[in-house]
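Chemist: Dropping a prediction and its sequence here:
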Amino acid sequence: MSDIKDQIFQELTKLEEGAARLRATAVNAGKQTDLEVAILTEQVRNLRAKNARAAELIDQSVEILKKLKPVD
């Protein structure tokens, strides 16, 4: 009977260790996901700023071209 108890406790210990590893993996994956989201958010913010600046430059270019266009 003692052998069966020992075997059960060994199995429970293995299950606990496996669960702890899975929890750690899940926590690390969550942290990595948070980091990736933060990086992507910053990249999107930068791209939007560059896009706005490009739109301004295009508008300025169009205005210059209109001024240079010969009057018929």
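Modeler: Arrived safely, thanks for sending. Residues are numbered from 1 along each chain as shown.
Chemist: mean confidence for the helix or strand that contains Leu15?
Modeler: Using DSSP states H and E, Leu15 sits within helix 2-68. For helix 2-68, the mean per-residue pLDDT is 94.
Chemist: From the contact counts, what lies against it?
Modeler: The helices and strands touching helix 2-68, judged by 3 or more CB pairs under 8 Å, 6 or more residues apart in numbering; DSSP states H and E, number zero. Placement of C-beta: from N, CA and C, glycine included.
Chemist: ok, Ser61 - contacts?
Modeler: Ser61 is in contact with no residue at all, counting by CB atoms under 8 Å, 6 or more residues apart in numbering.
Chemist: ok, now which ones touch Arg21?
Modeler: Neighbour list for Arg21: empty [criterion: CB under 8 Å, 6+ apart].
Chemist: Could you check how far Leu40 is from Ala54?
Modeler: 20 Å (CB to CB, to the nearest Å).
Chemist: Over to Arg21?
Modeler: Distance from Arg21 to Ala54, by CB to CB: 48 Å.
Chemist: got it, and Phe9?
Modeler: For Phe9 relative to Ala54 (CB to CB), the value is 67 Å.
Chemist: next one: Lys5
Modeler: 72 Å.
Chemist: Can you check the pLDDT for Asp72?
Modeler: For Asp72, the predicted pLDDT is 63.
Chemist: For burial, what's the neighbour tally of Gln60?
Modeler: 10 (other CB atoms under 10 Å).
Chemist: With Thr33 instead?
Modeler: Thr33 has 10 nearby residues by other CB under 10 Å.
Chemist: and if you look at Leu40?
Modeler: By other CB under 10 Å, neighbour count at Leu40 equals 10.
Chemist: and if you look at the one 3 residues further on?
Modeler: The burial metric for Gln43, expressed as a neighbour count using other CB under 10 Å, is 10.
Chemist: Begin at 20 from now on, thanks
Modeler: Happy to do that; since the first residue is 20 now, the last one works out to Gln62.
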